[in-house]
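**Student:** Okay, here's the prediction I keep looking at, along with the sequence it came from:
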Amino acid sequence: MRRSAAVLCGAAVVMAGSLTAVPAEASTPHPAAAAKAVKVTWKKCGTTNYPTLQCGSVKVPLDYRHPSGKKITLALSRVPHTAKTYQGPLLVNPGGPGGSGLTLAGFVASSLRKSVAAQYDVIGFDPRGVGRSSPALDCKPGYFKPVRPDSVPSTPAIEKANLKRAKDFAAACGKKYAGVLPHINTVNAATDMDAIRKALGAKKINYFGYSYGTYLGAVYAKLHPERVRRLVLDSIVDPTGVWYDDNIQQDYAFEGRQHAFMAWIAKYDSTYKLGTDPAKVEAKWYAMRAALAKKPAGGKVGASELEDTFIPGGYYNGYWPYLAQAFAAYANDKNTGPLIEAYDDFAAVGPSDDNGYSVYTAVQCRDAAWPRDWRQWSKDNWAVHAKAPFMTWNNAWYNAPCAFWPVSSKRPVNVANSKLPPALLFQATDDAATPYPGGVTVHRLLRNSSLVVEQGGGNHGVTLSGNACLDKHLATYLTNGKVPRGKGVADAVCKKLPDPKPLSTKASALAATPGSGTAPGATLHDFVRFHG
């Protein structure tokens, strides 16, 4: 749910969970907000992979309570419809918060069944603060530069170092973007979507969101139910736990995915030579972690960076063969090369990641209440760490700036909705980034919704990833609005895709980077693996 340095994470139990139906900022729009929208001017910006992509932009108020005040720019993309039958714009979002959706439009348009995609203008957008939108946030460039302190605060000195990092990041954000931060949140992003709708000249929109994009879509539907034509949510955020509680539930879920990965490695002992007992394989992983904490590989892969490198395997099992290869090379031969390469390919942070993380924190810290007493964080995360050590503290530090955020928090939106047409929801039972109960909860909250489950699936983002059963339901819905209806919790169940096999050769991790097409779903996970 985040970009490279770790995942959308945090903890649970503390947030009181107070909800509001519609935040005040969005419930009383200024009369001027109804003014006629300026249409989008589209220009060609095609790429090799997506040659029909077009780009445009729209200006919106920074503060919707003052629509005539300062404006910001939202970057848009479009793959125009080509069929005689036109079903309107299909807005797409990859999650995050902080994920860019511009290229996602090209991916969705090319991955949907051709006859379906041809009926829609597929619209991508960079939410406020993100990517090519302006201003684009970058609170503290190089924040994840290695080597960071060990994520597990086993000594007061380590805890102090991590706390300083979190406090410095929050302070830097407040200093650089004091006038912007109060307006970076999910409600305003959803209100921006309605401004995009107006600029497109559409009475209603269709929406397709992954991960955090499911919460964004549900909030938009709550604010503007009469403007929703079709709604697809894939890998669903639990809206009753945003964000502190949801992040702790992730810790437990990622622990389960790490165990599944260790069992997969044990299954292929003839390849990796790390043993046939998953528990012993995992013990070797933690021995590697301890060694790297003392002597980082290549001067840049320490204990925290190792976690960053392996967390992507919890999002997408297509990375398992490459991660296992790097693990085996280090554990068996003390060869750091494959491990460093895996870090560079799966975890190293660049400027776009700095931007994504800055927006991630700005949205999450503003969206909902976080404990302001670090002692509460410490208590909760040590309790979780005792049962789920793989990601708990890495996750906690990723979200720790919210304990010191310079802007007060809002209340989460109660997305319960009885005014929508049938919505289609997709959820894998073993998804770690957005655990299965979130999908069940949203299915209950959105009346008339239909839940399609990938049984036994552990990947995050399951449609347009090679599962023909899931994609058939998606295509049917986008074609005619029909959803499956079942008698149980799930309205339809699809089998998961097979787990990957070990590499036939010693391929580099780079060969598996998303977009290479080396495995089903690889391209999708370039968009959703670390955004949320």
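**Tutor:** Great, that's in hand.
**Student:** Report the distance from stretch 389-409 to the chain centre.
**Tutor:** In terms of CA atoms, centre = their mean, to the nearest Å, the centre of stretch 389-409 is set 16 Å apart from its chain centre.
**Student:** give the contact list for the nearest residue to residue 59 once chain neighbours are set aside.
**Tutor:** Closest residue to residue 59 apart from its sequence neighbours, by CB to CB, 6 or more residues apart in numbering: residue 71 at 4.4 Å. Backbone N, C-alpha and C define where each C-beta goes, glycine included. Counting by CB atoms under 8 Å, 6 or more residues apart in numbering, residue 71 makes contact with 59, 60, 61, 62.
**Student:** Closest one of these to residue 484?
**Tutor:** residue 60 (36.9 Å; CB to CB).
**Student:** Can you list phi and psi of the closest one for me?
**Tutor:** For residue 60, the backbone dihedrals (degrees, to the nearest 10) come out as phi -140, psi 160.
**Student:** what pairs with it across the strands?
**Tutor:** residue 72 (DSSP bridges).
**Student:** and residue 483, how far is that from residue 231?
**Tutor:** Remark: distance between residue 483 and residue 231 (CB to CB, to the nearest Å) = 10 Å.
**Student:** So for those two, which residue has more residues nearby?
**Tutor:** residue 231 (26 against 21; other CB atoms under 10 Å).
**Student:** which residue sits closest to that one, ignoring its sequence neighbours?
**Tutor:** The shortest distance from residue 231 to any non-neighbouring residue, by CB to CB, 6+ apart, is to residue 423 (4.0 Å).
**Student:** Burial check on that neighbour, number of neighbours?
**Tutor:** 25.
**Student:** what does residue 350 give?
**Tutor:** Residue 350 has 11 neighbouring residues, counting by other CB under 10 Å.
**Student:** Could you do the one 10 residues further on as well?
**Tutor:** For residue 360, the neighbour count with other CB under 10 Å is 30.
**Student:** re the thing from before, how about the residue nearest to residue 231, phi and psi?
**Tutor:** Reported as degrees, to the nearest 10, the phi and psi values for residue 423 are phi -110, psi 150.
**Student:** What subset of the contacts of residue 71 is buried?
**Tutor:** Neighbour-count burial (16 or more other CB atoms under 10 Å) is assigned, among these, to 60, 61, 62.
**Student:** Look up how far residue 100 lies from the residue nearest to residue 59.
**Tutor:** According to CB to CB, residue 71 and residue 100 sit 20 Å apart.
**Student:** can you check residue 396 too?
**Tutor:** 26 Å.
**Student:** cool, residue 205 as well?
**Tutor:** Distance of residue 205 to residue 100, given as CB to CB: 19 Å.
**Student:** who has more neighbours, the two?
**Tutor:** Neighbours were counted for residue 205 and for residue 100 using other CB under 10 Å; residue 100 has more, 27 against 23.
**Student:** May I have the residues that are in contact with the nearest residue in space to that one that is not next to it in sequence?
**Tutor:** Nearest-residue entry for residue 100: residue 131, 3.9 Å, with adjacent residues in sequence omitted and distances by CB to CB, 6+ apart. Residues counted as contacts of residue 131 (CB under 8 Å, 6+ apart) are 75, 100, 102, 352, 355.
**Student:** Doesn't residue 131 lie inside a helix?
**Tutor:** No. Secondary structure of residue 131 (DSSP: H, G, I helix; E, B strand; the rest coil): coil, not part of a helix.
**Student:** Near residue 252, how many other residues are there?
**Tutor:** Counted with other CB under 10 Å, the neighbours of residue 252 add up to 17.
**Student:** so for the helix or strand harbouring it, what's the average pLDDT?
**Tutor:** Element membership for residue 252 (DSSP states H and E) is helix 244-267. What helix 244-267 shows for mean pLDDT is 98.
**Student:** Which of the contacts of residue 131 fall in helices?
**Tutor:** When DSSP state H defines the helices, the subset of the contacts of residue 131 inside them is 102, 352, 355.
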